[in-house]
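**Student:** The following comprises the amino acid sequence and a computationally predicted model.
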Amino acid sequence: MDVMEALRREIGTVAAVREDGALVYIRSSQVYLLAAENQQAAEALCHGLGQASQVAVHHLETARLLEDRLGWRSMECRAAAYLELDPPQTRNIELRALTPDQSEEVLEAFGEALGTEEIQDALRTGMLQGAYQNGRLAGTVGLYPEGGIGLLAVSPDCQGMGIDEALVAHITSWCLENDFAPFVHIPVWDEEALDLYKRMGYTIDNGSVYWLGGDN
């Protein structure tokens, strides 16, 4: 879904293609998405890699190949997608689209958890939403440049109030309203996030997606 969505939303371009695979490049973030039916196709498509910040692949053998070639580490994730027609329902909370002039507020609250560069990129592209509790920023959620849901964080003193569920419901609804397929890549070790998306009606794929980068 990640590769097809990047092309369908016109946020990615085809860097290399074969009958048995494709390599898609997200220029805004210098991310490559590699989908190959077999290892021979993966090795051939890897020759199309240019300057990259991260690469996502769908097979462990391909991840190992790129670990050796790039000297990067990989993070195993589960892919999850919302396949229902109607968005999940949850409690109402105050939600706002966050803007670049709120950078200081967002970074102070979630810079350590989410990363400065990721927050600034999402604010600049208008892809970050905020949840407010008593006038204070209590949580965030957004879309990464390649189209997946992420940047989900809730203030420690607001945990257990259903804010995480409200944020996931909100971004899922936003995706459906804009004709985007809601999907997310969840690290296999993050059982809390896996449980959250399951509760919200997401279907978890049994296969893995491997994200490679120098900071993983």
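**Tutor:** Yep, that arrived.

**Student:** in this structure, which spans are strands?
**Tutor:** For the chain, the strands defined by DSSP state E cover 13-18, 21-26, 31-36, 54-57, 73-81, 94-97, 128-133, 136-143, 149-154, 183-187, 203-213.

**Student:** nearest to Glu104, of those?
**Tutor:** strand 136-143 (11.0 Å; C-beta to C-beta). In this view, the C-beta of every residue, glycine as well, is placed from N, C-alpha and C.

**Student:** Give the buried residues for the longest helix along the chain.
**Tutor:** Criterion DSSP state H: the longest helix present in the chain is helix 163-177. Neighbour counts over helix 163-177 (16 or more other C-beta atoms under 10 Å) mark 163-176 as buried.

**Student:** And the strands of the chain: which comes nearest Leu7?
**Tutor:** Using C-beta to C-beta, the nearest of the strands of the chain to Leu7 is strand 21-26, at 6.4 Å.

**Student:** Could you export the strands of the chain to TSV, including columns for distance to Glu105?
**Tutor:** TSV is the format used below for these (distance: least, C-beta to C-beta, whole Å):
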stretch	distance to Glu105
strand 13-18	34
strand 21-26	27
strand 31-36	27
strand 54-57	27
strand 73-81	29
strand 94-97	11
strand 128-133	9
strand 136-143	6
strand 149-154	13
strand 183-187	25
strand 203-213	27
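
**Student:** Quick one: closest of these to Phe110.
**Tutor:** When those are compared by C-beta to C-beta, strand 149-154 sits nearest Phe110, at 4.7 Å.

**Student:** What residues sit buried inside stretch 108-116?
**Tutor:** Ala109, Phe110, Leu114.

**Student:** distance of the spatially closest residue to the second one that is not a sequence neighbour from Thr13?
**Tutor:** The reference is to Phe110. Distances taken as C-beta to C-beta, 6 or more residues apart in numbering place Ala153 nearest to Phe110, at 4.7 Å, with adjacent residues excluded. The gap separating Ala153 from Thr13 is 31 Å, by C-beta to C-beta, to the nearest Å.
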